[in-house]
Each structure stands twice: as structure tokens, then as C-alpha cells.
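[1] Predicted model, plus sequence, below.
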Amino acid sequence: MANRVPGATTFDIVNVNGAGAHELFEYLRRETMKGRAISWNYNKWLIDGSTGKVLQHRDSRYDPLKLVPDIDKLLA
């Protein structure tokens with residue numbers, strides 16, 4: 001990347017479906033989607049940070065602002 005910001009975190013591109021899928025996405029699909037393929041970018045998962053439990057999955061069409069009340073409950 002030509003215009004990198006010093007100290008910024010760079011992420012790798014990973015597979016989210018199929019045999020080469022990253023283990024995180026395999027876990028998320030197994031826990032919330034019964035292993036079905038992720039259909040498109042911008043899927044959203046709400047995860048309890050203290051337990052690591054996956055609480056919700058929403059597809060790319062779901063308005064992320066609708067998650068705010070649930071996020072607020074977790075942070076309270």
C-alpha cells in the first residue's frame with residue numbers, strides 16, 4: 001500500500017466461506033448460521049466481550065444502528 005499511515009494496524013484479507021475459511025468465521029457461522037455461507041460483506045455479529053458468546057447475527061441489509069440498544073445493554 002502506497003499511502004500507509006505509520007503505526008496503523010493492517011489487516012489481511014481472509015476467506016469467510018469454504019475450505020479455506022478463517023477459523024473465526026467458521027466459528028461465527030457455526031454458532032449463528034448453522035454453518036451456512038456468509039452471503040455478502042457487512043454481516044454483523046454481536047458478541048459478549050466478557051464471555052465470548054455470540055449473541056446475535058444480522059445480515060448485510062440490517063441497519064447497524066438498530067444494534068445500539070443491545071450494545072448499550074452489554075456496556076451497562
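    Okay, I see it. Keep in mind the model is a prediction, meaning the values are calculated, not measured.

[2] where exactly do the strands run in this protein?
    44-47, 54-58 (DSSP state E).

[3] could the ones you listed be laid out in TSV, adding mean neighbour count, distance to L28 and mean pLDDT?
    Glycine gets a C-beta too; all of them are placed from N, C-alpha and C. Formatted as TSV, those follow (neighbours: other Cβ atoms under 10 Å; distance: least, Cβ to Cβ, whole Å; pLDDT from 0 to 100):
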stretch	mean neighbour count	distance to L28	mean pLDDT
strand 44-47	16	5	94
strand 54-58	15	6	94
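
[4] which ones are touching L46?
    Residues in contact with L46 (Cβ atoms under 8 Å, 6 or more residues apart in numbering) are V54, L55, Q56, H57, R58, L67, D70, I71, L74.

[5] any low-confidence regions in this protein?
    Along the chain, segments meeting pLDDT under 70 span 1-5, 8.

[6] Regarding the protein, what is its longest helix?
    Scanning the chain for the longest helix, with DSSP state H as the assignment, gives helix 23-32.

[7] Show me what that one is packed against.
    Judged by 3 or more Cβ pairs under 8 Å, 6 or more residues apart in numbering; DSSP states H and E, helix 23-32 is in contact with strand 54-58.

[8] For the strand it packs on, which strands pair with it and how are they oriented?
    According to DSSP bridges, strand 54-58 forms sheet pairs with strand 44-47 (antiparallel).

[9] Ok, which of the strands of the chain comes nearest H22?
    strand 44-47 (13.4 Å; Cβ to Cβ).

[10] Now do that closest one: distance to the chain's middle.
    Taking Cα atoms, centre = their mean, to the nearest Å, one finds the center of strand 44-47 at 6 Å from the center of the full chain.

[11] Please write out the alpha-carbon positions of it in CSV.
    The C-alpha trace of strand 44-47 is given here as CSV (Å, rounded to 0.1, in the frame of the first residue of the first chain):
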residue,chain,number,x,y,z
LYS,A,44,-22.8,-8.1,11.8
TRP,A,45,-22.3,-10.2,14.9
LEU,A,46,-22.9,-9.0,18.5
ILE,A,47,-20.5,-10.8,20.9
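
[12] about what we covered before: can you tell me which of the contacts of L46 is nearest Y42?
    Distance ranking of the contacts of L46 against Y42, using Cβ to Cβ, places R58 first at 9.4 Å.
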